[in-house]
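1. got a predicted model here, sequence first, then my questions.
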Amino acid sequence: MFSLVDVAERKAYPLVVKQTVRSEAEKAAIKERKKKRTKKSKKPQTKPKGRRPGSLNKDKNELNLSAELLRINDLLSDLLKLLRVFVSIKYLALDGHARTSSSGFDGNRKRPAFD
């Protein structure tokens, strides 16, 4: 769901609402992630300090967006194509329902293109 927010009036006006139906593969991936979270041992393992030998720098510009964020990106790009004729958009805020570590929206990475 995307809404246009009027800050002065403190109101949000819905623009696009779309129901999301997850595929079986996405459901299975979610179940696996939940199993991994519950399987963690309660005993803290001691790890050596510092960087592992032989580890290389990672390309921080490469985004691995989840299926949900790809759907949001597609819906948003369609919406922006329609809105650009009438409104100039200054800010775009994602409400934070997705974890930032998996979403790829942290400060060190390129943002997806909303063309």
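-> Ah, there it is. Treat the numbers as computed from the prediction; the structure is a model and nothing was measured. Numbers count the residues shown, from 1 in each chain.
2. this structure: strands as residue ranges?
-> Taking DSSP state E as the test, the strands found in the chain are 2-6, 11-16.
3. for the shortest one, packing partners?
-> Using 3 or more CB pairs under 8 Å, 6 or more residues apart in numbering; DSSP states H and E as the contact criterion, the elements in contact with strand 2-6 are strand 11-16, helix 67-83. All C-beta atoms are positioned from the backbone trio N, CA, C, and that covers glycine.
4. out of those, which comes closest to Asp59?
-> Evaluated with CB to CB, the helices and strands packed on strand 2-6 place helix 67-83 nearest to Asp59, the distance being 18.7 Å.
5. report all helices and strands that that closest one contacts.
-> Packed next to helix 67-83, using 3+ CB pairs under 8 Å, 6+ apart, are strand 2-6, strand 11-16.
6. hmm, back to that, between the helices and strands packed on strand 2-6, which gets nearest to Glu32?
-> So among these, helix 67-83 is nearest, using CB to CB, at 13.8 Å.
7. any stretches of this protein with poor pLDDT?
-> Applying pLDDT under 70 to the chain flags the ranges 39-44, 96-115.
8. picking that back up, which of the helices and strands packed on strand 2-6 sits closest to Arg22?
-> Across the helices and strands packed on strand 2-6, closest to Arg22 is helix 67-83 (CB to CB), at 7.9 Å.
9. quick one, that closest one and strand 2-6 angle?
-> With axes from the mean of the first three to the mean of the last three CA atoms, to 10 degrees applied, the angle from helix 67-83 to strand 2-6 works out at 60 degrees.
10. so how far is helix 67-83 off the chain centroid?
-> 12 Å (CA atoms, centre = their mean, to the nearest Å).
11. and the angle for that helix with strand 11-16?
-> 100 degrees.
12. would you mind listing the buried residues in helix 67-83?
-> Leu69, Ile72, Leu75, Leu76 (16 or more other CB atoms under 10 Å).
13. just put these in CSV and tack on distance to Lys58.
-> Listed next are these as CSV, based on distance: CB to CB, whole Å:
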residue, distance to Lys58
Leu69, 19
Ile72, 24
Leu75, 29
Leu76, 27
